[in-house]
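Engineer: Predicted structure and sequence below. I'll ask about it afterward.
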Amino acid sequence: MQRIIKNNQIVDETWHLLPKDVTLEQLSNCDDYIVPLQLWREHAHALKARDGGLGVWLDSDEEAEEIGDQVGNFQVIALNFPAFTDGRNYSNARLLRDRYQFKGELRAIGDILRDQLFYLARCGFDAFAIRADKDPEEALQSLQDFSVTYQAATDEPLPLFRRR
């Protein structure tokens, strides 16, 4: 079982992250699923009628605006980082938290490394599925790498000079 970082703790993963080629017929009625955006587009009504938990995941080339007015349907929104160097989902996280007021779990998935966690948290992520070859205990410590931030962000809307 994979372990993830969620709300500054290491916990066992309870959600099933589904691949892009999954079909609606393959899903049970009561499990907690994070479905790909395409499956949500095609079967939103049926997915909402299920008894299990519902989440959606967006790839880095998919826009948060597509689900902006629907964020209330999801307990989890996962944003995929296919490569360490692909930072497009930082912007999607800010949009989901700041513009669309998503209050549920915002999870970073994919090529997630220790060096990113502090910055991901500043953009509104509160859960991280780090790469399987990395130590979650070490990654958790990275959330404490900096004690003061200067710029405004989702986690602190006022810049340092306004907090004085």
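Structural biologist: Perfect, thanks for sending it. Numbering: from 1, shown residues only.
Engineer: Phi and psi next, for the nearest residue to Pro36 once chain neighbours are set aside.
Structural biologist: Among residues not flanking Pro36 along the chain, Lys20 sits closest, at 4.7 Å (CB to CB, 6 or more residues apart in numbering). Heads up, the C-betas are built off the backbone N, CA and C, glycines and all. When read as degrees, to the nearest 10, the backbone of Lys20 gives phi -70, psi -20.
Engineer: And the strands in the protein?
Structural biologist: 3-6, 9-12, 16-17, 33-36, 54-58, 76-81, 105-110, 127-128 (DSSP state E).
Engineer: I'd like those as JSON lines, with mean pLDDT appended.
Structural biologist: Listed next are these as JSON lines, based on pLDDT from 0 to 100:
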{"stretch": "strand 3-6", "mean pLDDT": "96"}
{"stretch": "strand 9-12", "mean pLDDT": "95"}
{"stretch": "strand 16-17", "mean pLDDT": "96"}
{"stretch": "strand 33-36", "mean pLDDT": "98"}
{"stretch": "strand 54-58", "mean pLDDT": "98"}
{"stretch": "strand 76-81", "mean pLDDT": "98"}
{"stretch": "strand 105-110", "mean pLDDT": "98"}
{"stretch": "strand 127-128", "mean pLDDT": "97"}
